[in-house]
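**Q** The following comprises the amino acid sequence and a computationally predicted model.
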Amino acid sequence: MNIGIIVYSKTGNTFEVASRLKGNLEQKGHSVVLDRVTIEGDVKPGDKDVRMLNIPGIEDFDKVIFGSPVQAFSLAVPMEAYLNNHITSLEGKEVSLFVTKQLPFSWTGGKRTLGQMEKICKNKGAKVKGKEVVFWYGKVREESISKCIKNLSNQF
Ligand SMILES: Cc1cc2nc3c(=O)[nH]c(=O)nc-3n(C[C@H](O)[C@H](O)[C@H](O)COP(=O)(O)O)c2cc1C
């Protein structure tokens, strides 16, 4: 199966999880492309002006996994701009989602951010399968990365 993992990652955490997920899916025999949404300069939560540098395409993939950090209890602005403005259709595609965040509670933005991603993807026709939150905080980090990878890999 051709799987695309598309992430925005400001400080590398989300990209690290995505890289490990890619390795896991490849071990299972899938063909996986990991691509990164990148922007010019920096944006803060709430900014509207996002200039995209790399806009990953999704047409070649049977399934897509989107990943983003939580920023200010919400979906990071570059990922929101990418999903809203640069994906024309997800009609009939199976999509899974994950977010990384610092604080080890879903109510500090995890559920809300997954909800934002799910809503955009569903509005574009996707069937949303897995949804995972990775907590970057201390001892729970490794456990939550492993859980995310296991659960998302099992979707395919
Ligand atoms: C501007 C900003 C806002 C953040 N807001 C939150 C937040 O609301 N809740 C939370 O748990 N972590 C928050 N974090 C922490 C990041 O979500 C966390 O470090 C994440 O793993 C970073 O992913 P990245 O390295 O892929 O950018 C925030 C980080 C930044 C830079």
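**A** Received, thanks.
**Q** Count residues in the vicinity of residue 30, would you?
**A** 16 (other Cβ atoms under 10 Å). To be clear about C-beta, it is placed using only N, CA and C from the backbone, and glycine gets the same treatment.
**Q** need the residues of this structure near the ligand, please.
**A** 9-15, 45, 69-73, 100-103, 108-109, 136 (Cβ under 6 Å from any ligand atom).
**Q** all helices of the chain, in order?
**A** Along the chain, counting by DSSP state H, helices occupy 13-27, 77-86, 110-123, 140-153.
**Q** Pipe those helices into TSV and attach mean neighbour count and distance to residue 41 per row.
**A** Listed next are those as TSV, based on neighbours: other Cβ atoms under 10 Å; distance: least, Cβ to Cβ, whole Å:
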stretch	mean neighbour count	distance to residue 41
helix 13-27	18	19
helix 77-86	20	11
helix 110-123	18	22
helix 140-153	17	29
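**Q** now those helices as CSV including mean pLDDT and distance to residue 130?
**A** Below are the helices of the chain laid out as CSV (pLDDT from 0 to 100; distance: least, Cβ to Cβ, whole Å):
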stretch, mean pLDDT, distance to residue 130
helix 13-27, 98, 11
helix 77-86, 97, 17
helix 110-123, 98, 10
helix 140-153, 97, 5
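**Q** rewinding a little: show me just the buried residues among the residues of the chain next to the ligand.
**A** Neighbour-count burial (16 or more other Cβ atoms under 10 Å) applied to the residues of the chain next to the ligand gives 9, 13, 14, 15, 69, 70, 71, 100, 101, 109, 136.
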